[in-house]
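A.B. asks: no letters, just coordinates:
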Ligand code: SF4
């Protein structure tokens, strides 16, 4: 049922998908109206700028503190989870994570897996892996379910089916769900999904979920959701497997509180989601329900590369609210699928190079005007534009150049030609003589300005230099002034 | 080397960053102004109602009958409840048309019955959070998690003396971190989704309806 | 951004920026006139060129450093440095010091220079507290576009609104998604021409819906929007805020 794995994204594919997306007016309208909706909702949750900035400061401080103590906090989390009877597993790569989960499933003789929303499971392509090995894997978040039914991937980290209209979904349900007729009534569509999935919750052997915050102090996993599918996935099946990136830990329950306030407000413009689901271990003696066994899979998959560098580490502050993509002019135009990565939009552009290497993601850091809308709304103040510039620098660096912490795929965008162009440029602009010559040539030869100026003239008329540069005008003016002064004497 | 050791070793080898202070979360929340008892109640009710909960305020000796009436209005025939004192009071107030269902033993024995035959579940809340309009359910032990999750109607009661300004206020007064039950849940509405074209729909996977009874004494009611 | 109003200087430097120098020189000249109108002497170091932003944002910090270093040497008097472009002013004020993290001596100079950098509109409002109530000209409706980095780093939108709304006869019309990027982004408009083109198309449309002429304090955005409008055959044209102000003050339409 799942789509082709999209792990390796060649630059050509990115550009191809971008042109396709830009040519699709319907798609662009869907995104535009969804983005406007989410922006307005978020704004309504942050009416007071002073309060907003204070809370963002706190959110940033919490995440920075957690990252500063990351290895110790992970060990503390692990110890407290184990004390509650949770089995903790560590995976370096997507394959390792999938293999771990497959082993848990086989040992339990499990056939049916129901999934709450988990972007990490998307990242490792878990459905694909398990289904190839005969284990049935069903998404239960409505958006994820729709996307899985369509054989696609999520186009947004919070609203997976944001690219689809209700008509698209009505047709999809009619085709794929036995007995479902065509209806554009959203309540009826949701009801259909609910009926199908309720049966599957009852039958599932394993529930898989993501984690929003992991609290080291208490060994608690905090899940944020609206639908109740997350609670069902982590409550009804006999085994619960949670998956998270190693960066998701915070020290104390108290530290998670400002994040729990920032996340829903930034993501969907809700003061709180329907459920905050704080899970501390599997069923205990005396409990009547809840999973009997519980596992946590901690995934690295390139995160430790971002961590290694003091600047790039800020990437890991992310709480996956999606506000950056909701406010991104590029995302609003090309949509989530064009990126070809699990995490689209600005967060995807700064995170994917660590997950996939700069070679595979080399077009992502440059696909931004650096307008800064993302950083302005990011609840934990990740300086996304600065990180994009840094990744551009690393992609431009000569492949063999020594650095303290080389990134995978360093130099992926290096070209000697381009390097020379920039050397030449700086040689002109850093020296008076050559720049004077450039001004002279540009203004005198303006009529011969090229009609085609790389990407510029695809959508704009050509640039033509002025007849006289500001330097010339100022010089002439000064001479006129001193002439006047001389005459006055 | 195991994946665990490799990952931890890489993290420990990372470039040191600028020194980071311990975040002053308590200080941030302490600077916020506190609500009066009346404001707590009115804000909680307003927030919950805005999220489509049916909120009633009732006196201590009347809450159970108010709750029973709300269930009856919805045509509830089978109500699942735990074994706490509130559940006993409620059960006594139910009309004959509503049958109570008490689950004993592990869920494996009653999963299908719960999914297919129960119309409503009752769970007393341990706190109400005014800032977000949320109710705290401490699941575990005699209060199974599925009670507030699987039946289509969820009935929750909360004592007016257990209302707090925000999560931080509740968590620090009630000392949550000292003793975490298996499953602490905060509920703020019937289950909902906006996954289809940003259109809000209720009853996604959990309850379609949320009935809240705030038990308040004379002055606050 | 400025806590207390800095003392009113009588001499300033003008940093004209590379785009204004070659493509919109009259905007630079108008900036000089506006400053002189307030009784200031304007110094224009002839050795200036560019703030280094194109290299910096495209991931070529060495080249940015080289160009910035050449500029830093030009402002040895303690006068304010006025820049008629928000994004360049932001580059100089906020990013120049960081360019020299490994060169303490240069960094100290960069800090000193950066601390004196002002965007033109901000300087007119915050430091000179200009009074434009005597301006004239035909009644006109204009749009305002603010460069994203200028708005975020220099508060340029607020200053632009303040200046324009103080002009008699000028109506400022805000367009839909005013705060959204125009799609320029320097090398972005070359490397991802199609995305950039899609963004500027929307910007042209939303500006065109409210005005035929818009004012901006940033020449990159202005050239981007104006040349895109021209490409589409739309009448929308941009004007640098310095030119617009100067014309109104001289009573032109
Ligand atoms: S980068 Fe910031 S805005 Fe984007 S998803 Fe992460 S936390 Fe949200």
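C.D. replies: Okay, I see it. This one's a predicted model, so the numbers in the text were calculated from it and none came from an experiment. Residues are numbered from 1 along each chain as shown, chains lettered A, B, ... in the order given.

A.B. asks: now residue B:13. Nearest residue, chain neighbours left out?
C.D. replies: Excluding the flanking residues, the one nearest residue B:13 by C-beta to C-beta, 6 or more residues apart in numbering or on different chains is residue A:308, at 7.2 Å. Just so you know, the C-beta spots here come from the backbone N, C-alpha and C atoms, and that holds for glycine as well.

A.B. asks: count the neighbours of the one you found for me.
C.D. replies: 19 (other C-beta atoms under 10 Å in any protein chain shown).

A.B. asks: got a list of what it touches?
C.D. replies: Taking C-beta atoms under 8 Å, 6 or more residues apart in numbering or on different chains, we find residue A:308 in contact with A:405, B:10, B:13, B:14, B:15.

A.B. asks: would you agree the last one is in contact with residue A:310?
C.D. replies: Yes. Because the distance of 4.8 Å satisfies C-beta atoms under 8 Å, residue B:15 is recorded as touching residue A:310.

A.B. asks: need the longest strand for chain C.
C.D. replies: strand C:140-145 (DSSP state E).

A.B. asks: show me how far that one is from its chain's centre.
C.D. replies: 16 Å (C-alpha atoms, centre = their mean, to the nearest Å).

A.B. asks: swap in stretch A:367-380?
C.D. replies: 12 Å.

A.B. asks: which residues does residue B:107 contact?
C.D. replies: When contacts are counted by C-beta under 8 Å, 6+ apart, residue B:107 touches A:236, A:288, A:289, A:290, B:114, B:144, B:146.

A.B. asks: quick revisit: okay, the residue nearest to residue B:13: pLDDT?
C.D. replies: At residue A:308, the model reports a pLDDT of 97.

A.B. asks: from residue A:300, how far out is it?
C.D. replies: Counting by C-beta to C-beta, to the nearest Å, the gap from residue A:308 to residue A:300 is 12 Å.

A.B. asks: what comes into contact with the top helix by length along chain B?
C.D. replies: Longest helix in chain B, counting residues (DSSP state H): helix B:37-50. Residues outside helix B:37-50 that contact it (C-beta under 8 Å, 6+ apart): A:271, B:35, B:55, B:57, B:128-135, B:160, B:163-165, B:188-189, B:210, B:212, B:214, B:216, B:220.

A.B. asks: among those residues, which are in helices?
C.D. replies: Short answer: the contacts of helix B:37-50 have none in helices (DSSP H).

A.B. asks: pull out the buried residues from the residues you listed.
C.D. replies: Buried positions within the contacts of helix B:37-50, assessed by neighbour count (16 or more other C-beta atoms under 10 Å in any protein chain shown), are A:271, B:35, B:55, B:57, B:128-135, B:160, B:163-165, B:188-189, B:210, B:212, B:214, B:216, B:220.

A.B. asks: domains for the chain, by residue range?
C.D. replies: I went with chain A, as the question did not name one. The record's domain split for chain A, according to automatic domain parsing, is A:11-164+A:205-305, A:416-483.

A.B. asks: wait, chain C was what I had in mind.
C.D. replies: C:11-126, C:132-249.

A.B. asks: could I get the ones you listed as CSV with distance to residue A:442, mean neighbour count and mean pLDDT?
C.D. replies: Formatted as CSV, the domains of chain C follow (distance: least, C-beta to C-beta, whole Å; neighbours: other C-beta atoms under 10 Å in any protein chain shown; pLDDT from 0 to 100):
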stretch, distance to residue A:442, mean neighbour count, mean pLDDT
domain C:11-126, 5, 22, 96
domain C:132-249, 14, 21, 93
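
A.B. asks: tell me which residue of chain B lies closest to chain C.
C.D. replies: residue B:18 (13.1 Å; C-beta to the nearest C-beta).

A.B. asks: got the residue ranges for the helices in the stretch 51-200 of chain C?
C.D. replies: C:53-57, C:61-72, C:86-90, C:96-99, C:104-115, C:120-122, C:148-154, C:156-165, C:188-191, C:193-208 (DSSP state H, counting those that start in this stretch).

A.B. asks: sketch out the low-pLDDT regions of chain A for me.
C.D. replies: A:1-12, A:482-489 (pLDDT under 70).

A.B. asks: find the residue at the geometric middle of chain C.
C.D. replies: In chain C, the C-alpha nearest the mean C-alpha coordinate belongs to residue C:85, at 1.8 Å (C-alpha atoms, centre = their mean).

A.B. asks: OK, contacts around that one?
C.D. replies: By C-beta under 8 Å, 6+ apart, the neighbours of residue C:85 are C:17, C:19, C:20, C:119, C:120, C:147, C:150, C:217, C:218, C:219, C:220.

A.B. asks: distance of it from residue C:247?
C.D. replies: Distance, residue C:85 to residue C:247, by C-beta to C-beta: 19 Å.

A.B. asks: next, residue A:184: secondary structure please.
C.D. replies: coil (DSSP: H, G, I helix; E, B strand; the rest coil).

A.B. asks: now it: how far from residue B:201?
C.D. replies: From residue A:184 over to residue B:201 the distance is 13 Å, taken as C-beta to C-beta.

A.B. asks: now swap in residue A:436 and tell me
C.D. replies: 67 Å.

A.B. asks: settle it for me: which of the two has more neighbours?
C.D. replies: The residue with more neighbours, out of residue A:436 and residue B:201, is residue B:201; 23 against 17, by other C-beta under 10 Å.

A.B. asks: could you find the closest non-adjacent residue to that one?
C.D. replies: Once flanking residues are discounted, residue B:201 sits nearest to residue A:190: 4.3 Å by C-beta to C-beta, 6+ apart.

A.B. asks: any idea how many residues pack against the one you found?
C.D. replies: Quick note: residue A:190 (other C-beta under 10 Å) scores 25 neighbours.

A.B. asks: what residues sit buried inside the helix or strand harbouring it?
C.D. replies: Using DSSP states H and E, residue A:190 sits in helix A:186-203. Residues A:186, A:189-194, A:196-198, A:200-202 are the ones in helix A:186-203 that count as buried (16+ other C-beta under 10 Å).

A.B. asks: identify the farthest-apart pair in those residues.
C.D. replies: Pairwise distances across those (C-beta to C-beta) peak at 25.0 Å, for the pair A:186 and A:202.

A.B. asks: what's the angle from the host helix or strand of residue A:442 to helix C:61-72?
C.D. replies: Using DSSP H and E, residue A:442 sits within helix A:432-444. Counting by axes from the mean of the first three to the mean of the last three C-alpha atoms, to 10 degrees, helix A:432-444 lies at 90 degrees to helix C:61-72.

A.B. asks: does helix A:432-444 reach chain C?
C.D. replies: Yes. Against chain C, helix A:432-444 shows contacts by C-beta under 8 Å from any C-beta of the partner chain at A:432, A:435, A:439, A:442, A:443.

A.B. asks: what about the first one, how many residues nearby?
C.D. replies: Residue A:432 is flanked by 12 other residues according to other C-beta under 10 Å.

A.B. asks: without its sequence neighbours, what residue ends up closest to it?
C.D. replies: That would be residue C:47: by C-beta to C-beta, 6+ apart, it lies 4.7 Å from residue A:432.

A.B. asks: which residues does that neighbour contact?
C.D. replies: Residue C:47 is in contact with A:432, C:70, C:74, counting by C-beta under 8 Å, 6+ apart.

A.B. asks: cool, and residue A:221?
C.D. replies: Residue A:221 neighbours (C-beta under 8 Å, 6+ apart): A:211, A:213, A:214, A:215, A:242, A:244, A:278, A:279, A:280, A:296.
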